[in-house]
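Undergrad: I would like to see how this sequence folds:
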Amino acid sequence: MAYKHLFGPVPSRRLGISLGVDLVPFKVCSFNCIYCEVGATTDLTLERKDYVPIDDVIRELDDYLANDPELDYITFSGAGEPTLNSGIGKLIRHIKVMYPQYKLALITNSSLFYNEDLRNEVAAVDLIMPSLDAVSDEVFRKLNRPNAQLKLFEIIDGLIEFRKESRAEMWLEIFFSPGLNDSSKELERLKKACTEISPERIQFNTLDRPGVEAGLKSMTREDMEKIVEFFQPLPAEIIAKFQSRTLVKSFDSNIEERILETISRRPCTDEDLCSMLGLHINELNKYISTMLEKGEIKERREERGTFFEPAEKVSE
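TA: Numbers count the residues shown, from 1 in each chain. Model prediction:
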């Protein structure tokens, strides 16, 4: 069976062998974050509906899981916000009943957790990985560029309520963009919000490869470590490019070779590579980031997008 809604298993540095489940089309989201690796949001919405038929996803999962594959997680993520799909609760129930041996992870921007129905639908996941990049409204709107109807305080309150209602483990992610959400005032507010939400882990991230907006910079390792120290005694840690993805057991070096072979013929965007190699954008990004870190490829931004080519290739 050819899978339209499953991708991977993805070599995830945090989740190990992770089978991705994409529940919305590209690029349906409630945010249009300036740092998003997937690309600019084309449908900035809060409408929950059956974007991807859940029965189709269930058929694909049943087929894939029939061989009892080794997985650390089945992960709801993809090219947009997965909780926008109104059938996510049905899918979670199906997996929990039919395949209780697998753990479920949800990667979410947290935007819909003000909705009690949504919180109930996803309460049975084993791990939730929500994001919270800002606590002041001004920074929130600059960094995440949300749907205009969203209210930041409702999102934070929703995460606090979810912690009370669900037994899921929570790893809260904060993406830092220098000059936007790293002021002393914003850090104080973030720490206060994290204390109230009380996740098992607080994970700091920063730019790994080009985002939607040109000119964005990564936060240095040194500055990230200072923020970890500032957040003490909260359980804060650094993720992103400071760990090696190649150590993950689901990492497939053959995909790297295919990427190199393809861009050796001509420079390609991530969209080109996804189309030619049959990879999901999230899966491709894992390998692109690793290859950039190792200096095997380089990138250049043009009007049509960011192009990738072998590092030794000299641009004309």
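
Undergrad: pLDDT weak spots in the stretch 201-316 of the chain?
TA: The model of the stretch 201-316 of the chain has pLDDT under 70 over residues 209-212, 214, 240-253, 275, 303-305, 313-316.

Undergrad: any chance you could map the helices in it?
TA: Read by DSSP state H, counting those that start in this stretch, the stretch 201-316 of the chain holds these helices, from start to end of the chain: 221-231, 253-265, 270-277, 281-293.

Undergrad: Just the C-alpha atoms of the third one, please, in PDB.
TA: The C-alpha trace of helix 270-277 is given here as PDB (Å, rounded to 0.1, in the frame of the first residue of the first chain):
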ATOM      1  CA  ASP A 270      13.100  21.200  -0.200                       C
ATOM      2  CA  GLU A 271       9.900  21.100  -2.200                       C
ATOM      3  CA  ASP A 272      11.800  19.700  -5.200                       C
ATOM      4  CA  LEU A 273      13.500  17.100  -3.100                       C
ATOM      5  CA  CYS A 274      10.200  15.900  -1.500                       C
ATOM      6  CA  SER A 275       8.700  15.500  -4.900                       C
ATOM      7  CA  MET A 276      11.600  13.700  -6.500                       C
ATOM      8  CA  LEU A 277      12.500  11.500  -3.600                       C
END
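
Undergrad: residues of it that come out buried?
TA: Of the residues in helix 270-277, those buried under the neighbour-count criterion (16 or more other C-beta atoms under 10 Å) are Asp270, Asp272, Leu273, Cys274, Leu277. The C-beta positions use only the backbone N, C-alpha and C, and glycine is treated the same way.

Undergrad: Leu284 is in contact with the last one, correct?
TA: Yes: with the criterion set as C-beta atoms under 8 Å, Leu277 and Leu284 qualify as a contacting pair; they are 7.4 Å apart.

Undergrad: anything in contact with each of these two?
TA: When contacts are counted by C-beta atoms under 8 Å, 6 or more residues apart in numbering, the set common to Leu277 and Leu284 consists of Ile259.

Undergrad: re earlier: name the member of the buried residues of helix 270-277 with the shortest distance to Tyr73.
TA: Closest approach between the buried residues of helix 270-277 and Tyr73, by C-beta to C-beta: Cys274, at 22.4 Å.

Undergrad: list the contacts for that closest one?
TA: If you count contacts by C-beta under 8 Å, 6+ apart, Cys274 has them with His280, Ile281, Leu284.

Undergrad: go again using 6 Å as the cut-off
TA: Applying C-beta atoms under 6 Å, 6 or more residues apart in numbering, one finds that Cys274 lies in contact with Ile281, Leu284.

Undergrad: distance of it from His280?
TA: Here the criterion is C-beta to C-beta, to the nearest Å. By it, Cys274 lies 7 Å from His280.

Undergrad: quick revisit: nearest to Arg201, of the buried residues of helix 270-277?
TA: Compare each of the buried residues of helix 270-277 with Arg201 using C-beta to C-beta and the shortest gap goes to Asp270, at 28.7 Å.

Undergrad: mind listing what that closest one touches?
TA: With C-beta under 6 Å, 6+ apart as the criterion, the residues that contact Asp270 are Leu284.

Undergrad: From Phe140, how far out is it?
TA: Between Asp270 and Phe140 the distance, using C-beta to C-beta, works out to 27 Å.

Undergrad: same check, this time on Phe307
TA: Distance of Phe307 to Phe140, given as C-beta to C-beta: 32 Å.

Undergrad: if we can go back for a sec, what's the most buried one of the helices of the stretch 201-316 of the chain?
TA: helix 281-293 (a mean of 21; mean count of other C-beta atoms under 10 Å).

Undergrad: That helix to helix 253-265, inter-axis angle?
TA: The directions of helix 281-293 and helix 253-265 differ by 80 degrees, with axes from the mean of the first three to the mean of the last three C-alpha atoms, to 10 degrees as the criterion.

Undergrad: and helix 281-293 with helix 270-277, angle?
TA: 110 degrees.

Undergrad: Only C-alpha atoms, please: export helix 281-293 in PDB.
TA: Extracted as PDB, the C-alpha positions of helix 281-293 are listed here (Å, rounded to 0.1, in the frame of the first residue of the first chain):
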ATOM      1  CA  ILE A 281       8.800  17.500   4.300                       C
ATOM      2  CA  ASN A 282       9.300  16.700   8.000                       C
ATOM      3  CA  GLU A 283      11.400  13.600   7.200                       C
ATOM      4  CA  LEU A 284      13.400  15.500   4.600                       C
ATOM      5  CA  ASN A 285      14.200  18.300   7.100                       C
ATOM      6  CA  LYS A 286      15.800  15.900   9.500                       C
ATOM      7  CA  TYR A 287      18.300  14.800   7.000                       C
ATOM      8  CA  ILE A 288      18.900  18.300   5.500                       C
ATOM      9  CA  SER A 289      19.700  19.600   9.000                       C
ATOM     10  CA  THR A 290      22.200  16.900   9.700                       C
ATOM     11  CA  MET A 291      23.900  17.300   6.300                       C
ATOM     12  CA  LEU A 292      24.200  21.100   6.900                       C
ATOM     13  CA  GLU A 293      25.700  20.400  10.300                       C
END
